[in-house]
Structure formats: C-alpha cells, structure tokens
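1. missing the sequence, but the structure's below:
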C-alpha cells in the first residue's frame, strides 16, 4: 500500500459530543441536588454546563490536533501510538469514535470522526491490502 491515509477529528462531531456530555452532566448534577433535598435544583444545570464548558475549552486544542495516519503497514496516532495493521483484531464504532482492538487486547480510539463508517471501512481496506 503506497497511499497515506489521514484521520483527523471533525469539529462538528466534537461539538455534538460536548453538547451530549453537557446534557448528561446537567441532568446528573440536578438529580444529585434533588436527592440531597436541595430546593435549588436548577443550580445543577448551571454547574453541569459550566463544568463541561470549562473541560471542553481546556481540551479542545489537544483533541482537534489528534491525527491518526496509515502509512504502509502501520497506523500511528497521538502520543506515539503505533499498531501494525496485521495486529488489528477488531474495529468497532462507538458514536463518532472508531475503536481499534489489537490481538493483544490493546484498545485505541480514533475520536470525533465525521463519518465513522468511512473511517472503519478505510482501515479495513488498508488491512486487506497488506
């Protein structure tokens, strides 16, 4: 295989994931306050949203820079992760993430893909071509 494939995170997929996470945090915080008997349950919504907004702002540059590359018989990702294509046992889709599971049980996430089905298909095609 001579073609290099690149998988970059999609900003829209990232934003959708942050909105879902914020909704879960808001509901969770409100539920905790309700169970504690706090009459100001609405504060949980603000706290949940603020917490996820701060987390998202802090992690955005790192998450948007995460790039996975298939070059030859290896897929490489952030933090010097490398997996030989012949060592991939399974490829799963988890929302906008594509999970690679190796024969040794290692798991890697290619996060925030605009089209996770196309990403999985491209990886599978690369595996078959090696």
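-> Sure, I can see it. This is a predicted model, so every value here is computed, not measured.
2. Spell out the secondary structure type for the residue lying farthest from the centre of the chain.
-> Here the chain reaches farthest from its C-alpha mean at residue 39, the gap being 36.2 Å by C-alpha atoms, centre = their mean. Assigned with DSSP: H, G, I helix; E, B strand; the rest coil, residue 39 falls in the coil class.
3. Which phi and psi values does it adopt?
-> Main-chain torsions, residue 39, degrees, to the nearest 10: phi -70, psi -10.
4. How confident was the prediction at it?
-> With respect to pLDDT, residue 39 scores 95.
5. need the contact list for it.
-> The contact partners of residue 39, by C-beta atoms under 8 Å, 6 or more residues apart in numbering, come to none. Heads up, the C-betas are built off the backbone N, CA and C, glycines and all.
6. Roughly how far does it sit from residue 107?
-> To residue 107, residue 39 is 44 Å away according to C-beta to C-beta, to the nearest Å.
7. leaving aside the residues next to it on the chain, what's closest to the residue most central in space within the chain?
-> Centroid-nearest residue in the chain: residue 111, 2.8 Å away (criterion: C-alpha atoms, centre = their mean). Nearest residue to residue 111, sequence neighbours excluded (C-beta to C-beta, 6 or more residues apart in numbering): residue 97, at 5.2 Å.
8. In contact with the one you found, which residues?
-> 109-113, 116.
9. Return the per-residue confidence for it.
-> pLDDT at residue 97 comes out at 98.
10. about what we covered before: for the residue nearest to the centre of the chain, list the residues it contacts.
-> Applying C-beta under 8 Å, 6+ apart, the residues contacting residue 111 are 9, 14, 63, 66, 96-97.
11. now residue 122
-> Counted by C-beta under 8 Å, 6+ apart, residue 122 has contacts 5, 7, 70.
12. Where does the prediction get shaky in this protein?
-> Under the criterion pLDDT under 70, the flagged ranges of the chain are 1-2.
13. one more time with 50
-> The chain contains residues with pLDDT under 50 at 1.
14. quick one, strands of it?
-> 5-7, 68-71, 74-77, 81-84, 88-94, 97-102, 107-110 (DSSP state E).
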